[in-house]
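**Q** Take a look and give me a structure for this.
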Amino acid sequence: MTVRRSAAALATTAVLLGVAAPVAVAPVAVAAPSPSPSADLPAGLYGTTDPTYDGVWRQSLAFLAQKIEYVTPSTQAVDWLVGQQCDSGAFTSYRDASKPCDASTVMDTNATAIAVQALVEINQRREDANNGADWLKSVQNEDGGWGYNPGSPSDANSTSIVIGALARTGVPVNELTTANGSTPYTALQSLAIACGEKDGGAFAYQPGKKGELTANMDATAASVLGLMGKGIASGTSNAVKDPSCTKGDDLSPEQSAQNGASFLADTLKKQPYLEQAPMPGAEESKPQPDYGNTSDAVVALAASGHADKAKASVAWLQKNGTGWAKQGGPAATAQLILAAHATGADARSFGGVDLVKQLNSMGPSPAATALPSPTPTGPQPSSGTDSDDGGLSLGWLIGIGLLAGTGIGFLLSMRGKKKQP
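**A** I've put the predicted structure just below:
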């Protein structure tokens, strides 16, 4: 997921230069940009690298990972995120919040969707989350999907993350029908490769120039979640089942999601990690592991009822992925936390690393932290009653009260805050 920012960079550059955006190619998982001096970064932001293309993304992903580990982000951090929102409800990848949004501001559906999910999950600033959801509905393409920027061609990743955001705000996604009868689900299903064909069950990021569909791992993982109407912070589905690929032209969204899960399970059966696509001009280079897309695949498998098929990948991530997460910063660390949570692994002792502590150290001190780490099937922080005061929701208070009743303390500190084939 974090690597989608490289595609956003291409799209943003194209818009600013006034040229057509290139057909998206699967971005690869790369090391984070060179760190910027801390003094140059706004207060409240997670991470120390240039936030131009991933500021909102990494902040929101950090919130999602913290939420499932019973960590409340600081008011300063939440205020920074909401400050990135335009009056229209849209978010950009990153902007100077001291200046108002105008016609030159490049709106980002991915940044908006993940920010909406984050605000809903931490149960804060719900009005701002709803405003973001309303903007997303207003820029839906005629084919039912969404592109990176308003008006750009729909792609699997953008459509999936927007579905997750709308679903988390209570929008009936299947009722978002365009004039030609398309829904977000039909937009995703149009990118599915039919079972029985090469790479059957997989999803393409976008159609090729001749309408051909090429399997894309990150798009497949994203589409599984999207077709199930789930957000990024999805835990384990209780409906465990054997993955299979169903043939047919009139499949339900659930069936198409299961087809994608089947493809992911078959791919990870051969080796426990996914690989990066070769960089342009370096087709002969040796394929490298893709930690981000592997983490996404783990979450997708667990959410679709196949956590057992992701065990080998989680073990591989525990052994090999912690260095990548530390170097990659808050978004990469959050991805490992989400993968650990979805499969029942301990994010506070993942390959010998406390990922939660690591993530917390990358931003303002959290407002509250509860221990121990929750399980994916145990009690979760509630996103029920709307709250704009930055306080703890009822679900959190109950969970913390139970923990205190058993003699387990919690820390409270306040502070002034992918695509690869």
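**Q** can you tell me the distance between the two ends of stretch 81-89?
**A** One end of stretch 81-89 to the other measures 12 Å (Cα to Cα, to the nearest Å).
**Q** what mean pLDDT does it have?
**A** Averaged over stretch 81-89, pLDDT sits at 98.
**Q** what about it, distance to the chain center?
**A** Remark: stretch 81-89 is offset 19 Å from the chain centroid, using Cα atoms, centre = their mean, to the nearest Å.
**Q** for stretch 336-352, same thing?
**A** With Cα atoms, centre = their mean, you get 16 Å for stretch 336-352.
**Q** got the CA positions of that stretch in PDB?
**A** Provided in PDB are the C-alpha atoms of stretch 336-352 (Å, rounded to 0.1, in the frame of the first residue of the first chain):
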ATOM      1  CA  LEU A 336       3.600  -5.200   9.300                       C
ATOM      2  CA  ILE A 337       1.400  -4.400  12.300                       C
ATOM      3  CA  LEU A 338      -1.700  -4.900  10.200                       C
ATOM      4  CA  ALA A 339      -0.400  -8.200   8.800                       C
ATOM      5  CA  ALA A 340       0.500  -9.400  12.300                       C
ATOM      6  CA  HIS A 341      -2.900  -8.500  13.700                       C
ATOM      7  CA  ALA A 342      -4.800 -10.100  10.900                       C
ATOM      8  CA  THR A 343      -3.100 -13.400  11.500                       C
ATOM      9  CA  GLY A 344      -2.900 -13.400  15.300                       C
ATOM     10  CA  ALA A 345       0.800 -12.700  15.500                       C
ATOM     11  CA  ASP A 346       2.100 -10.500  18.300                       C
ATOM     12  CA  ALA A 347       3.000  -7.100  16.900                       C
ATOM     13  CA  ARG A 348       4.800  -6.300  20.100                       C
ATOM     14  CA  SER A 349       7.200  -9.100  19.500                       C
ATOM     15  CA  PHE A 350       7.400  -9.600  15.800                       C
ATOM     16  CA  GLY A 351      10.700 -11.100  14.800                       C
ATOM     17  CA  GLY A 352      12.000  -9.800  18.100                       C
END
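**Q** So what touches that stretch?
**A** 64-65, 68-69, 232-236, 291, 294-295, 298-299, 302-303, 307, 310-311, 314, 317-319, 321-322, 325, 354-357, 359, 372-377 (Cβ atoms under 8 Å, 6 or more residues apart in numbering). Where C-beta positions appear, they are placed from N, C-alpha and C, glycine not excepted.
**Q** Okay, buried residues for whichever helix or strand A325 is part of please.
**A** Assessed by DSSP states H and E, A325 sits inside helix 322-328. Within helix 322-328, the residues scored as buried using 16 or more other Cβ atoms under 10 Å are T322, W324, A325, G328.
**Q** Would you point out which residue is most central in the chain?
**A** I232 (4.5 Å; Cα atoms, centre = their mean).
**Q** my read: that residue touches V224, true?
**A** No. Counting by Cβ atoms under 8 Å, I232 does not reach V224; the two are 11.8 Å apart.
**Q** helices or strands next to the longest helix seen in the chain in the packing?
**A** Counting by DSSP state H, the longest helix found in the chain is helix 253-270. In terms of contacts (3 or more Cβ pairs under 8 Å, 6 or more residues apart in numbering; DSSP states H and E), helix 253-270 is packed against helix 184-189, helix 217-227, helix 291-303.
**Q** same for the last one, what does it pack against?
**A** Counting contacts by 3+ Cβ pairs under 8 Å, 6+ apart, the secondary-structure elements packed against helix 291-303 are helix 217-227, helix 253-270, strand 274-275, helix 311-320, helix 322-328, helix 330-343.
**Q** tell me the most buried of these?
**A** helix 217-227 (a mean of 31; mean count of other Cβ atoms under 10 Å).
**Q** Take that one, keep the C-alpha atoms, and write them as CSV.
**A** Output of helix 217-227 as CSV, limited to C-alpha atoms (Å, rounded to 0.1, in the frame of the first residue of the first chain):
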residue,chain,number,x,y,z
MET,A,217,-0.4,-8.7,-7.0
ASP,A,218,-1.1,-5.4,-5.2
ALA,A,219,-4.2,-4.8,-7.2
THR,A,220,-5.4,-8.3,-6.4
ALA,A,221,-4.9,-7.9,-2.7
ALA,A,222,-6.6,-4.6,-2.7
SER,A,223,-9.5,-5.9,-4.8
VAL,A,224,-10.1,-8.8,-2.4
LEU,A,225,-10.7,-6.3,0.4
GLY,A,226,-12.7,-3.9,-1.8
LEU,A,227,-15.1,-6.6,-3.1
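**Q** I'd like the mean pLDDT over that helix, please.
**A** Rounded mean pLDDT across helix 217-227 is 97.
**Q** next one: stretch 142-160
**A** Mean predicted confidence for stretch 142-160 is 97.
**Q** Do me a favour and get the end-to-end distance for that stretch?
**A** End-to-end for stretch 142-160, by Cα to Cα: 16 Å.
**Q** follow-up on the earlier one: quick check: which of the helices and strands packed on helix 291-303 is nearest to N174?
**A** N174 sits nearest to helix 253-270 of all those, at 7.9 Å, using Cβ to Cβ.
**Q** Report the spatially nearest residue to D108, omitting neighbours in sequence.
**A** Nearest residue to D108, sequence neighbours excluded (Cβ to Cβ, 6 or more residues apart in numbering): S93, at 4.9 Å.
**Q** quick one on the thing from earlier: residue contacts, the residue nearest to the centre of the chain?
**A** M1, L61, L64, I114, Q117, I161, G164, L225, V299, L338 are the contacts of I232 under Cβ under 8 Å, 6+ apart.
**Q** Distance-wise, check it relative to Q124.
**A** Using Cβ to Cβ, to the nearest Å, I232 is found at 17 Å from Q124.
**Q** Also G323?
**A** When G323 is compared with Q124 (using Cβ to Cβ), they lie 33 Å apart.
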